[in-house]
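>>> below is the structure, and that's it, no one-letter string:
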């Protein structure tokens, strides 16, 4: 069984002082890489005197771990490991470092960035994520009402509808229910339903 995945309900923060260096941490829910990059740019604008703004993003295929000038593998990856260990997805961890003049060494940096994110997540309120899939279905006009009733009965979402030679509907539903829904519609429509290409699943908060 796939372990549950969570995001954060609200952003969480922490501040660590290690050998005169300040580590200002935030872990927050984000929609994807574009939003993460904007947040990082905004942090630089807020902290122009900082030495580093390191970050780790858990967002499916858009995930990233950025050391931002720290020795390779000493910042972004340790931060990401904390997010992964806690089963988080759709979140961005950022650490703004003000250098205090004392070098920490590779091991010290790993512990500092890992610990900064772990401290911020102490007591954080997590909410489960639901993986959704969008299906595209075309049916004859005579079956429009039937398909609408099946969508409603399953508690699914009709995202869009277009009337052309046939009725084309886009339906959003939990990925775990998609296969059974397709089989159900194929059965009740007696094979008259046609299915379009399915896009990649999206992760959405429940």
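Thanks, I have it. None of the values given here were measured: they were computed from a predicted structure. Residues are numbered from 1 along each chain as shown.

>>> residue ranges with poor pLDDT in this protein?
Residue ranges of the chain with pLDDT under 70: 1-3, 197-206.

>>> other SSEs contacting the strand ranked longest in it?
Assignment by DSSP state E gives strand 126-139 as the longest strand of the chain. For strand 126-139, the helices and strands in contact under the criterion 3 or more CB pairs under 8 Å, 6 or more residues apart in numbering; DSSP states H and E are strand 6-8, helix 144-153, strand 167-174, helix 175-188, strand 194-195, strand 202-205. For the C-beta atoms, the positions are set from N, CA and C on the backbone; glycine is no exception.

>>> which positions in that strand come out as buried?
For strand 126-139, burial by neighbour count (16 or more other CB atoms under 10 Å) applies to 126, 129, 131-139.

>>> related to what we said a few turns ago, most tightly packed of the helices and strands packed on strand 126-139?
Mean neighbour counts were taken over the helices and strands packed on strand 126-139 using mean count of other CB atoms under 10 Å, and the top value, a mean of 21, falls to strand 6-8.

>>> ok, and what's touching that strand?
For strand 6-8, contacts defined as CB atoms under 8 Å, 6 or more residues apart in numbering pick out 27-29, 86-91, 124-129, 205.

>>> just to revisit the earlier point, would TSV of the helices and strands packed on strand 126-139 with distance to residue 45 be doable?
Below are these laid out as TSV (distance: least, CB to CB, whole Å):
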stretch	distance to residue 45
strand 6-8	23
helix 144-153	45
strand 167-174	36
helix 175-188	38
strand 194-195	47
strand 202-205	28
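
>>> for residue 100, which of those is the nearest?
The minimum distance between residue 100 and these falls on strand 6-8, with 29.0 Å, by CB to CB.

>>> now the closest one: how far from the chain's centre is it?
Put simply, strand 6-8 sits 8 Å off its chain's centre (CA atoms, centre = their mean, to the nearest Å).

>>> spatially central residue in the chain, please.
Centroid-nearest residue in the chain, with CA atoms, centre = their mean: residue 90, separated by 2.0 Å.

>>> isn't that one up against residue 129?
Yes: here residue 90 lies in contact with residue 129, judged by CB atoms under 8 Å, at a distance of 6.5 Å.

>>> domains for the chain, by residue range?
The record, using automatic domain parsing to delimit domains, assigns the chain the ranges 6-124, 130-205.

>>> most tightly packed of these?
Greatest burial across those, using mean count of other CB under 10 Å, falls to domain 6-124, with a mean of 18.
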